[in-house]
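Colleague: pasting the sequence and the predicted model now:
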Amino acid sequence: MSDDVMTPASPSVGKVMLECRGLTRVYREGPQDLTVLHELDLEVLAGERVAVVGSSGSGKTTLLNLLGGLDSPSAGEVKVAGESLAQFKEAALGKFRNRHIGFVYQFHHLLAELTALENAALPLIIRGQTRQQAQARAREILARVGMAERAEHKPGELSGGERQRVAIARALITDPSLVLMDEPTGNLDQTTAASILSLMDELARTTACAFVVVTHDPALAAHQDRVLRLDAGRLSAA
């Protein structure tokens, strides 16, 4: 593990936020089995940012789905904040994801009919907080990502970079243990992507969550603390 990991000012520094051992995913392809991931081991600390690079079809999306509990491994185990995802039944896993895992995708997946404020507040409303409580917290997070003045705008009224900032705010609002990012700058121009990189740098310094970023973008990968390559279903240092 890298010795130059950026460490946030938090008592969680040094805590393992993500751990997987022997992670394997096999799909049935007609009469044959297709092994997409082969016994992967990975450990990410609080405040650490890890990029995963690899060619199309190398298993990056499958890996993210397993780490986020959206899919189940054929073998091996994923732990987030010390808890094995395998122990949870579906409803309990959904609650655990809501509390501990944030997702940011290349396409923001904001709800078009809701404002930035309402989109960012949604995970807390799903958790059971009142609209007033959730939106008060959402305003704090939107301010943190530079979107305070755009809180009442709907996604169609925002630029691509602004929509991605709202998506990041939505991912962070639950104070997650782990944030999973799938090509978060892949749909943005170079200048806007650079602003998102700067935002991620700031968040890594000031939050205790772990970041795993899947990307084809060399600039985005270089901004992370470690870069790993997924090739033919196996993970290695890039």
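Modeller: Thanks, I have the structure now. Numbering: from 1, shown residues only.

Colleague: how about Leu197, phi and psi?
Modeller: phi -60, psi -40 (degrees, to the nearest 10).

Colleague: how near is it to Gly47?
Modeller: Distance, Leu197 to Gly47, using CB to CB, to the nearest Å: 17 Å. Using the backbone N, CA and C atoms, a C-beta is placed for each residue, glycine as well.

Colleague: higher neighbour count, those two?
Modeller: Gly47 (26 against 18; other CB atoms under 10 Å).

Colleague: and that one, that one's in a helix?
Modeller: No. Gly47 sits outside any helix when classified using DSSP: H, G, I helix; E, B strand; the rest coil, being coil.

Colleague: next up, the contacts around the closest residue in space to Ser55 that isn't next to it in sequence.
Modeller: Leaving aside its sequence neighbours, Ser55 sits nearest to Asp231 (CB to CB, 6 or more residues apart in numbering; 7.5 Å). Counting by CB atoms under 8 Å, 6 or more residues apart in numbering, Asp231 makes contact with Gly54, Ser55, Ser58.

Colleague: over to Glu152?
Modeller: Thr115, Ala116, Leu117 are the contacts of Glu152 under CB under 8 Å, 6+ apart.

Colleague: cool, and Gly186?
Modeller: Gln106, Thr215, His216, Asp217.

Colleague: of the contacts of Asp231, just say which sits nearest to Ile173.
Modeller: Using CB to CB, Gly54 comes nearest to Ile173 of the contacts of Asp231, at 29.8 Å.

Colleague: what's the pLDDT at that closest one?
Modeller: Here the pLDDT value assigned to Gly54 is 84.

Colleague: ok, it - how many residues close by?
Modeller: Neighbours of Gly54 (other CB under 10 Å): 21.

Colleague: roughly how far apart are the nearest residue to it once chain neighbours are set aside and Leu42?
Modeller: For Gly54, ignoring the flanking residues on the chain, the nearest one in space by CB to CB, 6+ apart is Leu230 at 3.8 Å. Distance of Leu230 to Leu42, computed by CB to CB: 10 Å.

Colleague: for this protein, which segments count as strands?
Modeller: Using DSSP state E, the strands of the chain run over residues 16-29, 32-45, 49-53, 75-80, 83-84, 101-105, 178-182, 210-214, 226-231, 234-237.

Colleague: distance to Asp201 for these - can I get that in TSV?
Modeller: Listed next are these as TSV, based on distance: least, CB to CB, whole Å:
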stretch	distance to Asp201
strand 16-29	18
strand 32-45	17
strand 49-53	9
strand 75-80	23
strand 83-84	28
strand 101-105	15
strand 178-182	13
strand 210-214	11
strand 226-231	15
strand 234-237	22
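
Colleague: out of these, which one sits most buried?
Modeller: Greatest average neighbour count among those goes to strand 210-214 (a mean of 25), per mean count of other CB atoms under 10 Å.

Colleague: ok and the helix or strand of the chain with the lowest mean pLDDT relative to strand 178-182, angle-wise?
Modeller: Within the chain, no helix or strand scores below helix 190-206, which has a mean of 76 by mean pLDDT, DSSP states H and E. Angle of helix 190-206 versus strand 178-182, following axes from the mean of the first three to the mean of the last three CA atoms, to 10 degrees, is 170 degrees.

Colleague: what comes up buried for helix 190-206?
Modeller: Thr192, Ala193, Ala194, Ser195, Ile196, Leu197, Leu199, Met200, Leu203, Ala204 (16 or more other CB atoms under 10 Å).

Colleague: what's next to that helix, contact-wise?
Modeller: For helix 190-206, the surrounding residues in contact (CB under 8 Å, 6+ apart) are 6, 8-9, 47-49, 145-146, 159-161, 164-165, 168, 172, 184-185, 188, 211, 213, 217, 219-220, 223, 225.
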